[in-house]
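> no letters, just coordinates:
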């Protein structure tokens, strides 16, 4: 009976040794796998950090392009506003000139040769002289403007 117990204990020891060896092998395999995964994760982090840097550079470049475009739009808006103001001023000047022209004709009450512009006039020698018409009041000459 003592011999049977001894054999049973030895069989259990062999089973435990076998289990311990398998456990140690699995632990070593897990350590190797864990190390490999850590290395892969490190590489992935490096790749993503590099990619993140590339993306950050692209974002910065895009911001620069957007800032330049915004500055160009501001300049174009200023030019547009200036052109509109100039157009309004020219339109006001044109309207003022249009309003003055009918008033001159209405004051005289008739169409004089001065209103018709330059005409050819005969000279004493029989030739034709180009002139500006009458230089009286209301004539379209180079006098002071009202």
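Okay, I see it. Being a predicted model, the structure only gives us computed values, none of them experimental.

> so, low pLDDT: which residues of the protein?
Within the chain, the ranges that satisfy pLDDT under 70 run 102-146.

> helices or strands up against the helix ranked longest in it?
Taking DSSP state H as the criterion, the chain has its longest helix at helix 2-108. If you count contacts as 3 or more Cβ pairs under 8 Å, 6 or more residues apart in numbering; DSSP states H and E, helix 2-108 packs onto helix 113-116. C-beta coordinates here come from the backbone N, C-alpha and C atoms, glycine included.

> separation between residue 15 and residue 22?
11 Å (Cβ to Cβ, to the nearest Å).

> same question but for residue 48, I mixed them up
Residue 48 sits 38 Å away from residue 22, going by Cβ to Cβ.

> again with residue 59
Using Cβ to Cβ, we find residue 59 at a distance of 53 Å from residue 22.

> same deal with residue 51?
Noted for residue 51: a distance of 42 Å to residue 22, by Cβ to Cβ.

> residue 95 now?
According to Cβ to Cβ, residue 95 stands 104 Å off from residue 22.

> kindly report the same for residue 32.
Relative to residue 22, residue 32 is positioned 16 Å away (Cβ to Cβ).

> residue 78 now?
Separation of residue 78 from residue 22 (Cβ to Cβ) stands at 82 Å.

> who's in contact with stretch 6-19?
Contacts to stretch 6-19, defined as Cβ atoms under 8 Å, 6 or more residues apart in numbering, come from no residue at all.

> going forward, count from 27.
That works, and once the first residue is 27, the last one we named lands at stretch 32-45.

> can you give me the buried ones in it?
Within stretch 32-45, no residue counts as buried by 16 or more other Cβ atoms under 10 Å.

> neighbours of residue 60, how many?
Close neighbours of residue 60, defined as other Cβ atoms under 10 Å, add up to 10.

> how close does it sit to residue 54?
Taken as Cβ to Cβ, the span from residue 60 to residue 54 is 11 Å.

> what's the answer for residue 80, then?
Noted for residue 80: a distance of 39 Å to residue 54, by Cβ to Cβ.

> ok, now residue 94?
Distance from residue 94 to residue 54, counting by Cβ to Cβ: 60 Å.
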